[in-house]
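Q: structure for the following, please:
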Amino acid sequence: MAKTIFEQTGGTYTMQGDYCLPNLTLPPEEERHIGVWAHRRRQYLKQHHKILYYNLLTSGKLRFHLADVEEEAQSLFLRLVKEYAEREGVTEQLKAENPTEWVQKMNNIRSRAAETVCADLIFA
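A: You can find the predicted model right below:
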């Protein structure tokens, strides 16, 4: 019996009942931190850009892509929070004088920064 192209390139099969299934493995991926921004990006790719998601997954580049998105999103988020807080006068002095107002303003700032990060990086 002639070998298949898969067998000629070093592939093997396993018998499962009446079927020969190829023994496939994904290439090893680099271990890098994946946080909330990367999880959001992965979910977005999985739902809306399936071809890109599966191409990254099968080539072993998905984790690398997600880690890069995580780093970029985290730095953008922190920079935006700092800029918005400075622009709106949310300081440590306000935190000491009126903690409730400070928390309200910081929550608003963090929410706007998160929306910007999602729009510019995660869902782009």
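Q: and residue 12, how close does it get to residue 20?
A: 10 Å (Cβ to Cβ, to the nearest Å). No exception for glycine: its C-beta is placed from N, CA and C like everyone else's.
Q: same check on residue 74?
A: Distance, residue 74 to residue 20, by Cβ to Cβ: 46 Å.
Q: the two: which has the busier surroundings?
A: Neighbour totals were compared for residue 74 and residue 20, and residue 74 leads with 16 against 11 (other Cβ atoms under 10 Å).
Q: SS state for that one?
A: Residue 74 falls in the helix class when you classify it by DSSP: H, G, I helix; E, B strand; the rest coil.
Q: ok, and the closest non-adjacent residue to it?
A: residue 37 (6.4 Å; Cβ to Cβ, 6 or more residues apart in numbering).
Q: helix, strand or coil for the one you found?
A: Assigned with three-state DSSP, residue 37 falls in the helix class.
Q: where does the prediction get shaky in the chain?
A: Regions of the chain meeting the criterion pLDDT under 70 cover residues 1, 26-27, 29-30.
Q: again, only using 80
A: For the chain, the stretches flagged by pLDDT under 80 are 1-2, 6-7, 25-32.
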